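Student: Fold the following.
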Amino acid sequence: MTVITLPYQSTHPHLRRFDLRRDLAPVADLIEICFSETLDEDGRRYIRHMRSTARHTGILQLAALTPAWDSAPNSGFVWEEDGRVVGNLSQFPMPARGKKFFLIANVAVHPDFRQRGIARAMTEAALQYSRERKADATWLHVREENTRAISLYQALGFVERTRRTTWIANALDEVPPALLGPVVGPRRQEHWPQQAHWFEQMHPPALDWYLSFKRNTFRPGLAGFLHRLLEDVTIKQWSVTWQGQLLGVLVWQHTHHSTDRLWLAAPSEFEDTAIPTLLSHARWDFSPRRRLSLEYPARRGENAFKQMGFIPEQTLIWMEHQA
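Tutor: I've put the predicted structure just below:
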């Protein structure tokens with residue numbers, strides 16, 4: 001028997017599905033208003049891209065005719081009153097590891113319309129949409145200081161899975177001297193098993209789907225080379241050792257955006273040594289004129305990161321709602 005899934009029908013007169021053809025520009029304006037204090041350069045680039053796409057009406061009309069229209073990346077819900085979009089929730093399908101996930105993002109309500117239950121109504125609609133499509137889970141992330149939103153998501157059944165802090169270091173005018181002490185050099189092949197183990201502890205496999213790479217990108221040998229070639233990823237890796245013992249591994253990943261990414265793998269007992277030594281060496285080894293971003297488990301290595309000139313940009317709580 002064939003099961004037909006009907007389009008989502010809202011019980012709220014102001015709530016409807018996001019329409020790429022007419023909502024892209026007003027949603028870009030709404031996101032800019034709601035997140036103006038936290039938007040970085042990549043976020044502003046994303047908004048510019050939304051507005052640029054919105055001007056290509058022919059492409060949008062063609063996209064609306066594709067079979068995957070209803071599950072397109074630019075999907076979700078909007079809240080509209082008097083012809084004005086005052087609320088938005090983006091919902092992205094994220095298939096991974098043979099399962100179907102949805103990611104909720106860009107939950108935004110215009111300041112003049114807050115405290116009216118709009119965010120709750122949009123989130124409930126998104127969860128219903130996920131259930132109708134037999135999703136295994138729905139994920140979202142929320143800033144640690146946004147206690148009101150955290151309480152709402154907890155009330156709706158979301159459970160915290162991990163907290164992650166993004167650390168940022170701006171470009172330098174001068175190259176800092178490398179720290180002396182433990183030995184730093186190119187990551188060796190025999191370090192990979194320990195690096196992979198530490199990395200899995202710091203980046204839970206349940207969140208693999210949101211990472212900007214596949215972890216096999218870091219593998220040594222031909223397998224890693226092929227992964228990097230297929231993913232078009234440029235990386236450099238360093239290990240730090242002391243008296244023959246591995247203390248940590250750092251990966252630098254070049255991006256086409258304004259900020260390069262760093263990925264650090266180290267156990268908590270070695271962080272005070274591994275973090276400053278690796279970061280100092282990395283900034284000595286390649287041009288410091290690029291902004292750097294590093295994501296790490298919250299509350300870990302804070303003093304070591306600050307010692308090297310990194311500042312915390314945000315701490316996000318990742319929450320899951322299981323089907």
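
Student: Going by C-alpha atoms from here, please, whenever you check contacts or count neighbours.
Tutor: Noted.

Student: Now for residue 154, how many residues are close by?
Tutor: The number of residues packed near residue 154 is 14, by other Cα atoms under 10 Å.

Student: let me fix that: residue 98
Tutor: Based on other Cα under 10 Å, the number of other residues close to residue 98 is 6.

Student: just the strands in the stretch 151-300 of the chain please.
Tutor: Using DSSP state E, counting those that start in this stretch, the strands found in the stretch 151-300 of the chain span residues 159-169, 183-186, 234-242, 245-254, 259-265, 291-297.

Student: is it possible to export the ones you listed to a markdown table including mean neighbour count?
Tutor: Putting these into a markdown table (neighbours: other Cα atoms under 10 Å) gives the following:
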| stretch | mean neighbour count |
| --- | --- |
| strand 159-169 | 19 |
| strand 183-186 | 16 |
| strand 234-242 | 18 |
| strand 245-254 | 21 |
| strand 259-265 | 20 |
| strand 291-297 | 19 |
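
Student: Which among these is found nearest to residue 53?
Tutor: Comparing those against residue 53 with Cα to Cα, the closest turns out to be strand 259-265 (23.3 Å).

Student: helices or strands up against that closest one?
Tutor: Packed against strand 259-265, as judged by 3 or more Cα pairs under 8 Å, 6 or more residues apart in numbering; DSSP states H and E, are the following elements: helix 192-202, strand 245-254, strand 291-297.

Student: which neighbours does the last one have in its sheet, and in what orientation?
Tutor: With DSSP bridges as the criterion, the sheet partners recorded for strand 291-297 are strand 159-169 (antiparallel), strand 259-265 (parallel).

Student: Now tabulate the ones you listed in JSON lines and tack on mean pLDDT and distance to residue 294.
Tutor: Converted to JSON lines, the strands paired with strand 291-297 look like this (pLDDT from 0 to 100; distance: least, Cα to Cα, whole Å):
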{"stretch": "strand 159-169", "mean pLDDT": "94", "distance to residue 294": "5"}
{"stretch": "strand 259-265", "mean pLDDT": "92", "distance to residue 294": "5"}
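
Student: out of those strands, nearest to residue 109?
Tutor: Sorting the strands paired with strand 291-297 by Cα to Cα, the top spot, which is the nearest, belongs to strand 159-169 at 22.7 Å.

Student: For that closest one, give me every contacting residue.
Tutor: 291-299, 305, 309-321 (Cα atoms under 8 Å, 6 or more residues apart in numbering).

Student: Now with 7 Å, please.
Tutor: 291-298, 309-321 (Cα atoms under 7 Å, 6 or more residues apart in numbering).

Student: And the chain, what are its domain boundaries?
Tutor: Taking automatic domain parsing as the domain assignment, the ranges for the chain are 15-135, 166-317.

Student: Kindly present the strands of the stretch 151-300 of the chain as TSV, with separate columns for distance to residue 24.
Tutor: Converted to TSV, the strands of the stretch 151-300 of the chain look like this (distance: least, Cα to Cα, whole Å):
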stretch	distance to residue 24
strand 159-169	28
strand 183-186	45
strand 234-242	33
strand 245-254	30
strand 259-265	26
strand 291-297	28
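
Student: Between the domains of the chain, which one is closest to residue 144.
Tutor: Residue 144 lies closest, by Cα to Cα, to one member of these: domain 166-317, at 5.6 Å.

Student: Quote the end-to-end distance of the closest one.
Tutor: End-to-end distance for domain 166-317: 12 Å, by Cα to Cα, to the nearest Å.

Student: Pull the distance from it to the chain's centre.
Tutor: What separates the centre of domain 166-317 from the centre of its chain is 17 Å, taken as Cα atoms, centre = their mean, to the nearest Å.

Student: likewise stretch 133-150?
Tutor: Here stretch 133-150 shows a centroid-to-chain-centroid distance of 13 Å under the convention Cα atoms, centre = their mean.

Student: Check what contacts that stretch and list those residues.
Tutor: Contact partners of stretch 133-150, identified using Cα under 7 Å, 6+ apart, comprise 99-105, 314-323.
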